[in-house]
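Colleague: Sequence and computational prediction follow.
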Amino acid sequence: MSSQNPPLDENSKRQWSVEDFEIGKPLGRGKFGRVYVARERHSKYVVALKIIFKEQIKKHKIDHQLMREMEIQTNLRHPNILRLYGWFHDADRVFLILEYAHNGELYKELRKRGHLSEKHAATYILSLTKALAYCHEKHVIHRDIKPENLLLDHEGRLKIADFGWSVQSTNKRHTMCGTLDYLAPEMVENKAHDYTVDNWTLGILCYEFLYGVPPFEAESQLDTFKRIIKVDLSFPSTPSVSLDAKNLISRLLVKDSARRLSLQKIMEHPWIIKNANPMALCGISRHLGLPE
Ligand SMILES: CCc1cccc(CC)c1NC(=O)n1cc2c(c1)/C(=N\C(=O)c1ccc(N3CCN(C)CC3)cc1)N=N2
């Protein structure tokens, strides 16, 4: 698969159609449509084809939201953000040509392993932090980051895959539709929020990577809501987690959004410096024989 300048690059400005692709197995399905592995016939380039039914778009009135998200996604270019190469439509469907992440969903790896090592967790948090810093530079916030929206490419590199609109595939955790676990206090209290909500979410994800569950998980949404606004944070004694990791989490899960650690400070935090694999960003870790 030629990686340099993929033929799908929109510079070719060509009009794609479904005949250009051999469609393979479904990767997941949701309310609005499905995602399939697909291969562009001429270049043999493997992609993920997200197919959304127009009548579903009309029914759920998501056309503006979908267009805005596609506009954003097309212009984001970062090693840790899943590419949207282009899109096309036919009489009754809209097709999104997405980068294919060969190793699937990060949350399945998290469920399988129970929790991640500090090196894996720190590497993913660093990748997410750099992707978010890039998004904030482009004035894109609140990427609705949760494990269900994170994918892994063939080199185990993290890719943020969400469009901010939900194709809630049924094989995801049912608590996902509407879960509060990842939302900052100002979000759940419906107050004005700014890009520091993403800093809060990084704290949630860091905790979940290391302990296997989000910090404010509770039986009911109401209990989760109460724990979030109280910042009712506690660290279980097992698995054993370093003080540095707990320090970073405690400096992100702060109610006053102005006091949360900045993205730049996260990148310079001792736990990140000590544990993150810096090569994971450009995905040459495997070739250099660095620990995965
Ligand atoms: C499923 C549709 C959906 C609904 C809601 C949100 C999202 C974004 C994550 C998505 N996915 C989406 O847009 N996706 C865009 C994508 C995409 C999903 C994807 N890959 C996979 O889904 C995938 C899953 C399992 C996989 N395995 C290979 C190794 N095996 C051992 C295990 C399985 C390999 C690839 N690549 N681009």
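Modeller: Received, thanks. Residues are numbered from 1 along each chain as shown.

Colleague: can we go C-alpha only for contacts and neighbour counts from here?
Modeller: Fine.

Colleague: Quick one: name the residues of this protein near the ligand.
Modeller: 27-29, 35, 48, 98-105, 148-150, 161-162, 166-169 (CA under 6 Å from any ligand atom).

Colleague: Now, those that are in strands?
Modeller: 27-29, 35, 48, 98-99, 150 (DSSP state E).

Colleague: Now the two most distant members of those residues.
Modeller: Arg29 and Glu99 (17.1 Å; CA to CA).

Colleague: And the two? Which one has more around it.
Modeller: Glu99 (22 against 19; other CA atoms under 10 Å).

Colleague: Now do the helices in the stretch 1-150 of the chain.
Modeller: 54-59, 63-75, 106-113, 118-137 (DSSP state H, counting those that start in this stretch).

Colleague: looking at those helices, which has the lowest confidence?
Modeller: When those are ranked by mean pLDDT, helix 63-75 comes last with a mean of 83.

Colleague: which strands and helices sit next to that one?
Modeller: strand 84-89 (3 or more CA pairs under 8 Å, 6 or more residues apart in numbering; DSSP states H and E).

Colleague: Given the strand it packs on, what are its sheet partners and their directions?
Modeller: Paired neighbours of strand 84-89 in the sheet (DSSP bridges): strand 93-99 (antiparallel).

Colleague: okay, the angle between the strand it pairs with and helix 63-75?
Modeller: 20 degrees (axes from the mean of the first three to the mean of the last three CA atoms, to 10 degrees).

Colleague: Okay, buried residues for strand 93-99 please.
Modeller: 93-99 (16 or more other CA atoms under 10 Å).

Colleague: if we can go back for a sec, looking at the ones in strands among the residues of the chain next to the ligand, spot the one nearest Gly156.
Modeller: Closest to Gly156, out of all of these and judged by CA to CA, is Leu150, at 11.3 Å.

Colleague: Isn't the closest one up against Lys159?
Modeller: Yes - using CA atoms under 8 Å, Leu150 makes contact with Lys159 at a distance of 5.7 Å.

Colleague: Show me which of these two is the more surrounded one.
Modeller: Lys159 (26 against 22).

Colleague: And for the more buried one, nearest residue in space, chain neighbours not counted?
Modeller: Leaving aside its chain neighbours, Lys159 sits nearest to Asn80 (4.4 Å; criterion: CA to CA, 6 or more residues apart in numbering).

Colleague: so how far is Glu99 from that neighbour?
Modeller: Separation of Asn80 from Glu99 (CA to CA, to the nearest Å): 11 Å.

Colleague: before we move on, what about Gln65?
Modeller: Gln65 is 21 Å from Glu99, by CA to CA.

Colleague: Please apply the same query to Asn149.
Modeller: 14 Å.

Colleague: Check Pro215 too.
Modeller: Taking CA to CA, one finds Pro215 at 31 Å from Glu99.
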